[in-house]
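Engineer: this one's sequence-less:
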């Protein structure tokens, strides 16, 4: 049976979209350097973004659902309890229609496609503005040299839940990977809850896992009722500070009193540091991919001074990644960080 690693699956999605964004950036500057019109640029953009295959994400979600179901059946399927009372409770709080309470996968793919379309429109508009720019017409070489540094893929706004003010904008790659993360995580929860209801189990637990964020740790290794689990679930738009937030990797399992669940052997501050090390390492790895693209663009434009600067930045990132990994206390934790970036 396949053993799905949510963190690795999510990182692969992020890398896929980083690659698409990098292809777009290379196209953007090649076309500007060649003086291509907007229609040419638009046609090339269609080649990049017009036929994205989402099958691999759908297959991983389906595979993960089957994996969780098989695990539940293997552990609990031979000792079913009386389901009468649990079914009454489940029906009363709407668990049998979890598709409406949890994220609907099809809707989430609609969100991805809509955001992709927004990204394409934004880049086409940005390209047209560059063509019309006086600075571009007066000194194309200098304009492009500086434009590479200012170019951004940030497109999805995130607002404060309390003040409704803009907190930050994230890249399309980040947004799509978070949706995939949520699809996988909530598919696992949904499957476990429905399996538990079918078999008559009423208690659940979120086991501790390495690199858990501080918010999730607060809910881990605590035995919960069905109602308490449902209370923890939220919407995809919810931010850090909630269980099942868009970066959450927590799994929900049926509680078994005979299992000695893993407990963290580090202090709160040490656990927070480990979490931030992994997040920072992932971020730096993705940043390296972007720098590699910028190097190719600046080389094509003949800006060797910028290539030297970018190479220095890449070397600095490599050094920082090695330093971050070495700060982890065990070989196993170091391997996990290496694995997600391979």
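Structural biologist: Cool, the structure landed. Just so you know, these numbers come straight off a predicted model, no measurement behind them.
Engineer: and residue 18, what is it in contact with?
Structural biologist: 171, 173, 286, 289-290 (CB atoms under 8 Å, 6 or more residues apart in numbering). C-beta coordinates here come from the backbone N, C-alpha and C atoms, glycine included.
Engineer: quick one: least confident helix or strand in this structure?
Structural biologist: helix 98-101 (a mean of 42; mean pLDDT, DSSP states H and E).
Engineer: between the contacts of residue 18, which has the most around it?
Structural biologist: Greatest neighbour count in these, by other CB atoms under 10 Å, goes to residue 173: 24 neighbours.
Engineer: pop out the phi and psi values for the nearest residue to it once chain neighbours are set aside.
Structural biologist: In this structure, residue 173 finds its nearest non-sequential neighbour in residue 17, 3.5 Å apart by CB to CB, 6 or more residues apart in numbering. When read as degrees, to the nearest 10, the backbone of residue 17 gives phi -80, psi -30.
Engineer: thought residue 17 was touching residue 176?
Structural biologist: Yes - judged on CB atoms under 8 Å, residue 17 makes contact with residue 176 at a distance of 5.0 Å.
Engineer: more neighbours: those two, which one.
Structural biologist: residue 176 (28 against 23).
Engineer: next structured bit after the helix or strand where the more buried one lies?
Structural biologist: Under the criterion of DSSP states H and E, residue 176 resides in helix 172-199. Following helix 172-199 in sequence order, the next helix or strand is strand 203-205 (DSSP H and E).
Engineer: can you spell out which helices and strands pack onto the helix or strand following that next one?
Structural biologist: Next helix or strand after strand 203-205 toward the C-terminus (DSSP H and E): helix 214-217. Other elements packing on helix 214-217 under the criterion 3 or more CB pairs under 8 Å, 6 or more residues apart in numbering; DSSP states H and E are helix 268-301.
Engineer: for the helix it packs on, buried residues please.
Structural biologist: Buried residues in helix 268-301, counted by 16 or more other CB atoms under 10 Å: 271, 274-275, 277-278, 281-282, 284-287, 290-291, 293-298, 301.
Engineer: after it, next one along is what?
Structural biologist: helix 304-326.
Engineer: now that following helix: average pLDDT?
Structural biologist: The predicted model assigns helix 304-326 a mean pLDDT of 96.
Engineer: quick check: buried residues in that helix?
Structural biologist: Applying 16+ other CB under 10 Å to helix 304-326 flags 306-307, 309-310, 314, 317, 321, 324-325 as buried.
Engineer: so where's the stretch 1-150 of the chain shaky on pLDDT?
Structural biologist: 1-3, 78-107 (pLDDT under 70).
Engineer: show me where it has its helices.
Structural biologist: 6-34, 38-49, 55-76, 84-92, 98-101, 105-132, 134-138, 140-150 (DSSP state H, counting those that start in this stretch).
Engineer: before we move on, the earlier item: looking at the contacts of residue 18, which is nearest residue 188?
Structural biologist: The shortest approach to residue 188 among the contacts of residue 18 belongs to residue 173, at 23.1 Å (CB to CB).
Engineer: contact partners for that closest one?
Structural biologist: 14-18, 20-21, 153, 286.
Engineer: hang on, the earlier thing: deepest in the core, which of the helices of the stretch 1-150 of the chain is it.
Structural biologist: helix 6-34 (a mean of 19; mean count of other CB atoms under 10 Å).
Engineer: tell me the angle that one makes with helix 38-49.
Structural biologist: 160 degrees (axes from the mean of the first three to the mean of the last three CA atoms, to 10 degrees).
Engineer: how about low-confidence regions in the stretch 201-342 of the chain?
Structural biologist: Using pLDDT under 70, the stretch 201-342 of the chain drops low at 234-244, 339-342.
Engineer: ok, now with 80
Structural biologist: Along the stretch 201-342 of the chain, segments meeting pLDDT under 80 span 230-246, 338-342.
Engineer: my read: residue 206 touches residue 250, true?
Structural biologist: Yes - judged on CB under 8 Å, residue 206 makes contact with residue 250 at a distance of 5.0 Å.
Engineer: my guess is residue 171 contacts residue 155. True?
Structural biologist: Yes - assessed by CB under 8 Å, residue 171 is found in contact with residue 155 at 6.8 Å.
Engineer: who's in contact with the closest residue to residue 22 other than its chain neighbours?
Structural biologist: Nearest in space to residue 22, with sequence neighbours left out and distances taken as CB to CB, 6+ apart, is residue 293 at 4.0 Å. By CB under 8 Å, 6+ apart, the residues touching residue 293 are 22, 25-26.
Engineer: which one of those residues is nearest to residue 261?
Structural biologist: Of the contacts of residue 293, the one sitting nearest to residue 261 (CB to CB) turns out to be residue 22, at 41.6 Å.
Engineer: next up, the contacts around the closest one.
Structural biologist: Contacts of residue 22 by CB under 8 Å, 6+ apart are 289-290, 292-293.
Engineer: follow-up on the earlier one: mind checking which of residue 206 and residue 250 has more residues around it?
Structural biologist: A count of neighbours by other CB under 10 Å puts residue 206 above the other of residue 206 and residue 250, at 26 against 23.
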